[in-house]
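No sequence on hand, only this structure:
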């Protein structure tokens, strides 16, 4: 199997399984987990993560944002249910029926179009109804008119109404007032539908933050997104409730070392100037790989278990760090951009904060130039490389 030197992401499948086990203990019996693997598994790789989760009885199935993402899972042999959380378009409706992909329904008009497409395809389309309880994105409002429309959808012959869900706007905040208000509105809609003799088998409202902090929101299913990858929804959740392990580490190597005298500038814009004789290492990674330019003169990496601060602006393909205090550093040494090296650790949360973004963005922005190396039991099980083996 090919070895990578310039840059590579190590994905710990053991950490994925650990995080699932932690959430399983947290939610208790009677509730299943939907693995949210949209955006290519938050940059970690949807297919390898999905394959690891598929055999687990606790995992109901998967969620994606788009039909195309769901089709990738089907083409790669994943059989469990896949729910598209976002919009599906008319030209994709036939694929929903033929490839057994569930979709979100958020209006009567959309449901009528799905019914017509399913009838034309000679099959059925399974849907989960989205209720807008306060996020104001997609979904039926909580009122009698919407309940009447959902009741209409429930008797359409080519629509299987399998689930109903909502999404919290502030469950990751310390103050859960809004999240609990949303949960109550969701229950109100369930009661309205019950009065109309509409009984929907699967209900789900919990995202990662609610899994951690709101056991009262557990229903048929919980949706595990960011927590699946060992990352926190925010700094305001009660982290003691789950022992999450980060799944991804990002590594590179030193390609060049030089000594610069005082007063030398480094990188574009001459935004960094040496104040003494300094030893500078060049790292062959840049914003072209999704490593944020906003870490310029702010971020750091780990070399031999020591912090090496970034000097100057991050370029598209390279950046420089100060290793004056790491005399043992030499060319070809491993550099940790995210992850652990000895006693030191760089988290995505920290890098997100330093770069003025947040951990979701950092993970999703890691580009296709970065090979993903999947490890289980200290053994490489698979690699994903845009440029091929």
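That came in fine, so what should we check first? Given the structure is predicted, the values throughout are model-derived calculations rather than measurements.

Give the burial count for residue 274, as a bare number.
18 (other Cβ atoms under 10 Å). Where you see a C-beta, it was placed from the backbone N, CA and C, and this is true even at glycine.

Run the chain-centre distance for stretch 134-148.
26 Å (Cα atoms, centre = their mean, to the nearest Å).

who touches it?
86-87, 104, 106-107, 129-133, 149-150, 166-169, 178, 181-182, 185-186, 188-189, 192-193, 195-196, 198 (Cβ atoms under 8 Å, 6 or more residues apart in numbering).

Ok, stretch 265-276 next?
Contact partners of stretch 265-276, identified using Cβ under 8 Å, 6+ apart, comprise 260-264, 280, 296-297, 311-315, 319-320, 324.

same check, this time on stretch 355-363
Residues contacting stretch 355-363 (Cβ under 8 Å, 6+ apart): 42-44, 226, 229, 231-232, 248, 292, 294-295, 298-299, 338, 347-349, 351-352.

re earlier: ok, of the contacts of stretch 265-276, which come out buried?
Among these, those buried by neighbour count (16 or more other Cβ atoms under 10 Å) are 260, 280, 296, 311-315, 319-320, 324.

Point out where the stretch 251-389 of the chain drops to low pLDDT.
Where the stretch 251-389 of the chain drops to pLDDT under 70, the residues are 389.

which residues in it form helices?
Counting by DSSP state H, counting those that start in this stretch, the segments of the stretch 251-389 of the chain that form helices are 348-354, 359-365.

Which elements pack onto the first one?
Counting contacts by 3 or more Cβ pairs under 8 Å, 6 or more residues apart in numbering; DSSP states H and E, the secondary-structure elements packed against helix 348-354 are helix 359-365.

Would you check the distance separating the helix it packs on from the middle of the chain?
8 Å.

do stretch 104-114 as well
27 Å.

now stretch 250-259
On Cα atoms, centre = their mean, the centre of stretch 250-259 falls 29 Å from that of its chain.

now the end-to-end length of it.
26 Å (Cα to Cα, to the nearest Å).

residues of it that come out buried?
Those would be 250-255, for stretch 250-259 by 16+ other Cβ under 10 Å.

My guess is residue 131 contacts residue 168. True?
No - Residue 131 is beyond contact range of residue 168, at 11.7 Å (criterion: Cβ atoms under 8 Å).

Now, the contacts of stretch 134-148 that are in strands?
104, 129-130 (DSSP state E).

Tell me the one of the residues you listed nearest residue 154?
residue 129 (8.8 Å; Cβ to Cβ).

Turn the ones in strands among the contacts of stretch 134-148 into JSON lines, including neighbour count, pLDDT and distance to residue 24.
Shown next, in JSON lines, are the ones in strands among the contacts of stretch 134-148 (neighbours: other Cβ atoms under 10 Å; pLDDT from 0 to 100; distance: Cβ to Cβ, whole Å):
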{"residue": "104", "neighbour count": "20", "pLDDT": "99", "distance to residue 24": "25"}
{"residue": "129", "neighbour count": "25", "pLDDT": "99", "distance to residue 24": "26"}
{"residue": "130", "neighbour count": "22", "pLDDT": "99", "distance to residue 24": "26"}
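
By residue count, what's the longest helix in this protein?
With secondary structure taken from DSSP state H, the chain has its longest helix at helix 177-195.

What is the following helix or strand past that helix packed up against?
Counting by DSSP states H and E, the next helix or strand C-terminal to helix 177-195 is strand 202-204. When contacts are defined as 3+ Cβ pairs under 8 Å, 6+ apart, strand 202-204 packs onto strand 159-165, strand 221-224.
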